[in-house]
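Enquirer: got a structure for you, letters missing:
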């Protein structure tokens, strides 16, 4: 059985159990360790991606800053791959009530994370209906293929932006997946000066906190689609 099939099978076990626990009223976090142990073994060759940054096939098609590779969609979790062109960035976005596992397969990325935002109740002239939030700054971390997975949870590092220092690819698991019917929409944010919503004195007191403005998806960020060419993932074996 291929490694990606084993990952998919463990993902089903992990997030199906989590869903059942939530349905029963539990707030306990899922046990991610068995899944993390498998994903940390993953290499670009395991999903038939070239690992040489000089190979043109590893960059998104056309001029897109990123490409999306759909590997598996399930009611309880999803698996995807992303290619990022050198110098491109995924804007700040969230994962409401979701867990995420991100494993870089080649290249180098910087992930800057924020913990879940709290809406700021304020009346700002000319705000054009935008909402503003305070979020804890969790800092920036470098990740390469040699790094362990980056992890996000509903309460920690749930928002992030990913910047590619080189042509890069990463493997991405989200559980449960985005679902507008269950209030798990993806929202985008832009960092703004604290003085946008606070006076100078209050802004100075907010050490380690960022002010984010919720926005639409930035038009300069979009993804093309690349076909998955790795070992088949048989949903009947999950």
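Expert: Thanks, I have the structure now. Keep in mind it's a predicted model, so treat the numbers as computed, not measured.
Enquirer: just the residues contacting the helix or strand of the chain with the lowest mean pLDDT, thanks.
Expert: For the chain, counting by mean pLDDT, DSSP states H and E, helix 200-205 ranks last in confidence among helices and strands (a mean of 83). Identification of contacts with helix 200-205 by CB atoms under 8 Å, 6 or more residues apart in numbering yields 193-195. All C-beta spots, glycine's among them, are computed from the backbone N, C-alpha and C.
Enquirer: now with 7 Å, please.
Expert: 194-195 (CB atoms under 7 Å, 6 or more residues apart in numbering).
Enquirer: I'd like the next helix or strand past it.
Expert: Where DSSP states H and E defines the elements, the next helix or strand beyond helix 200-205 is strand 209-215.
Enquirer: average pLDDT for that next one, rounded please.
Expert: The average pLDDT within strand 209-215 is 92.
Enquirer: strand partners of the top strand by length along the chain, parallel vs antiparallel please.
Expert: What stands out as the longest strand in the chain, according to DSSP state E, is strand 132-144. Applying DSSP bridges, strand 132-144 is found paired with strand 108-114 (antiparallel), strand 118-119 (antiparallel), strand 209-215 (antiparallel).
Enquirer: among those, which is nearest residue 151?
Expert: Judged by CB to CB, the one of the strands paired with strand 132-144 that comes nearest to residue 151 is strand 108-114, at 9.9 Å.
Enquirer: so how far is the closest one off the chain centroid?
Expert: 10 Å (CA atoms, centre = their mean, to the nearest Å).
Enquirer: would you mark the buried spots in it?
Expert: 108-109, 111-114 (16 or more other CB atoms under 10 Å).
Enquirer: pLDDT of that strand, averaged?
Expert: On average, strand 108-114 scores 97.
Enquirer: contacts for it, please.
Expert: 84, 135-144, 150, 157, 159-166, 168, 170, 210.
Enquirer: sticking with residue 100, tell me its helix or strand.
Expert: Judged by DSSP H and E, residue 100 forms part of strand 99-106.
Enquirer: give me the contacts around that strand.
Expert: Here strand 99-106 has contacts from 30, 32, 35-36, 39-40, 42-44, 49, 51, 53, 143-145, 147, 149-153, 168-175, using CB under 7 Å, 6+ apart.
Enquirer: and the pLDDT at the residue positioned nearest the centre of the chain?
Expert: Centroid-nearest residue in the chain: residue 100, 6.3 Å away (criterion: CA atoms, centre = their mean). Looking at residue 100, its pLDDT reads 97.
Enquirer: fine by me, we can end here.
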